[in-house]
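Q: predicted model, plus sequence, below.
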Amino acid sequence: MNDGKKADGMHRALCPVETLYVGQRSRAFLSCSLRGAVDVAALSAAFDAVTEANPPLRSRIEQDGAGHVLRVLGEDERPRLVTRTGDEEEAYAAELNRPLPVGGPLSRAVLVSAPDGESHLFLLVVDHTITDGHSSIALHNALWDRYRALVEGEPAAEAAGADLPRWPEPVSRLLPPADDADTAKYLDDRIERTRRHPVELVPYDAVPGEGADGGGHIEVRRLTLDADLTTRLRRTARGSGVSVHALVAATLLATARRRLDGDGSRTLGCLSPVDLRSRLSPPVPASAPVPAVTTHLQTLEVSETSEPLELARAVHARLGDFLSRGDHFHEMRITPEIPRNPALQLATVIATNMGVVPGPRLPSGLRAADVRLVPAREHYFPQAGRSPVMACVVSFEGRLAIEFPHSTACYSPAFMRAFRDDVRAGLLRFATAAEPGDARAATG
C-alpha cells in the first residue's frame, strides 16, 4: 500500500485508509455532563495544551494532487474552547447537528453552562479522519487530566525528547508484511462472498422532507443498563462462552429481523469494528489520534424464531476465527477498495465495541454526571430507502450504554424508540436469565 509522502512539521499526507473518511464527513461526538464549578480559563488552557500536543486536532484537510494532506492551521485559525450559557439538552442537539466544516479545524470543544454556573455540558467533537472511538475517549480524558493538573497546581507532564509535537504514523504503515498475491486473493474471496450472500437492510419508515438533505436532522435514542445489570450481562456472557459484544450483536440482529416482512430466514449482516491498536507490534497507544479500526462483516440466516443465544455463539465464533487467522490485517489492507465495492462493508446492523472504558478524572468539587460517545456524520441518504442500523456500544465506568444515532429523514423517532426498546428487552432477558429479579434499565 502506497501511503504517499512522509510528514514534516506542518503537514502530513493521509494514507489511503484515512482518505476514505474525508468524503464520509463523519465525526466522534463526546459529551460530558458536569456538576460543580468549572474554571473556564483552565479548561481553555487544557484544550489548547491537548491540541498543541496533537497536531491533527489543530489541522485542516487539504487536497494535494490526487490525495489529501493534514496541514497545521495558523494561530488565528486553530480551534479554541467555545463557551456560552444555555440549556443542556438544546445544546446537545444543536452541536450534534453542527458539522466540522471542510477546510476548517478537525476538532471542536464547547462548554455550555446553566445560568447558575453549577451545571455544564462539555462537548468534544473530532473528525474520524484523525480519530476512532478509543483515541477520542483518550483525548477527552487527557484534556481533563490537564485541567485537573492546572486547577490543583500540579506540574505538567512534558513530552521527552521532542522540540515539536510529532505526527502519528498512519496505522496502514504499521501492518505486518504481506504478500500482494495473498491480499489480492483475500479481496477476491471477500467480493465473491458478498455476491453469494447479499444482506437485507431495514427499510426506512420516515417520509422524506423537502431539500437536499431530506429535511431531517440527527437524533439519538439511548439505552443504558445500571452497573448491576451490566455485571449480570457479563456473567451471562461468561457462562455462555461468548462475549458481551456477541450478546448485543445477536439482540440487534433479532430486532432487525422483526422489522422485515415475510416469514422464514433472511440473510442479515453484522459489521463489527475491530480495534487494531493492541494487535500491532509494537502496540499503538489509545492516545495516538489516528483511526486504527478495521471491520469484520459476517452474514447469518436469521428467522423470527431464531434463538438469540445461538446467534450470539455464531457471532462470537466467527469473529474469533477472523482474528485468529489474522484476517483483520487483510481487511485493513483492502479498505481502499471499499468505494469500488461498497458491499464489503454493507450490513444490516453495525455494532461497535468500545468495551469498558474509564471516565474523566476530575478535581475535587466537580463530578461527571454522565459521559457519552456518539458517532455522527453529515450525509445520510433517505433516497436509498434502507440502510444499516448503527449501534454505538460503550461502557463508561462499568455501565453499558448503546446509542442509536439516526437521521429523522430516514428513521422516525418513534421507529427508533421502538427498535431501542426491543433491544433493551432482549438484553434484559440475557441479564436476568440466571438471576431473575428487578430489572432496571434507563432510556433516553
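A: Here it is on my side, so go on. Computed from a predicted structure; not experimentally measured.

Q: can I assume residue 115 sits in a helix?
A: No: if the criterion is DSSP: H, G, I helix; E, B strand; the rest coil, then residue 115 is coil and not within a helix.

Q: check contacts around it.
A: With contacts defined as Cβ atoms under 8 Å, 6 or more residues apart in numbering, the neighbours of residue 115 are residue 85. All C-beta spots, glycine's among them, are computed from the backbone N, C-alpha and C.

Q: distance of it from residue 370?
A: 20 Å (Cβ to Cβ, to the nearest Å).

Q: what's the answer for residue 182, then?
A: Counting by Cβ to Cβ, the gap from residue 182 to residue 370 is 46 Å.

Q: those two: which is more packed in?
A: Using other Cβ atoms under 10 Å as the criterion, residue 182 and residue 370 rank with residue 370 on top: 17 against 11.

Q: please confirm that that one is located within a strand.
A: Yes: the assignment for residue 370 (three-state DSSP) places it in a strand.

Q: you'd agree it is up against residue 32?
A: Yes: under the criterion of Cβ atoms under 8 Å, residue 370 makes contact with residue 32 at 7.4 Å.

Q: can you give me the strands in the stretch 101-250 of the chain?
A: Assigned by DSSP state E, counting those that start in this stretch, the strands in the stretch 101-250 of the chain fall at 107-113, 119-127, 202-203, 218-225.

Q: and the second one, what other elements does it pack with?
A: Meaning strand 119-127. Packed against strand 119-127 by the contact rule (3 or more Cβ pairs under 8 Å, 6 or more residues apart in numbering; DSSP states H and E) you find strand 26-36, helix 88-96, strand 107-113, helix 133-152.

Q: direction included, what does that strand pair against?
A: Strand 119-127 pairs in its sheet with strand 26-36 (antiparallel), strand 107-113 (antiparallel), by DSSP bridges.

Q: and the ones you listed: which comes nearest residue 71?
A: Residue 71 lies closest to strand 107-113 among the strands paired with strand 119-127, at 14.4 Å (Cβ to Cβ).

Q: let me see the mean pLDDT of that closest one.
A: Per-region confidence: strand 107-113 scores 98 on mean pLDDT.

Q: now it, how far from the chain's geometric center?
A: Its chain's average C-alpha position is 19 Å from that of strand 107-113, according to Cα atoms, centre = their mean, to the nearest Å.

Q: and the angle from that strand to helix 88-96?
A: Angle between the axes of strand 107-113 and helix 88-96 is 160 degrees (criterion: axes from the mean of the first three to the mean of the last three Cα atoms, to 10 degrees).

Q: follow-up on the earlier one: I'd like to know which of the strands paired with strand 119-127 lies nearest to residue 52.
A: Checked against Cβ to Cβ, the stretch from these lying closest is strand 107-113, at 12.0 Å.

Q: now do the contacts for the residue lying closest to residue 123 once chain neighbours are set aside.
A: Nearest residue to residue 123, sequence neighbours excluded (Cβ to Cβ, 6 or more residues apart in numbering): residue 110, at 4.5 Å. Residues near residue 110 by Cβ under 8 Å, 6+ apart: 81, 82, 83, 84, 91, 95, 122, 123, 125.

Q: now for the residue nearest to the fifth one when sequence neighbours are not counted, how many residues are close by?
A: Looking back up the chat, that one is residue 91. Closest residue to residue 91 apart from its sequence neighbours, by Cβ to Cβ, 6+ apart: residue 112 at 3.9 Å. For residue 112, the count of nearby residues is 22 (other Cβ under 10 Å).
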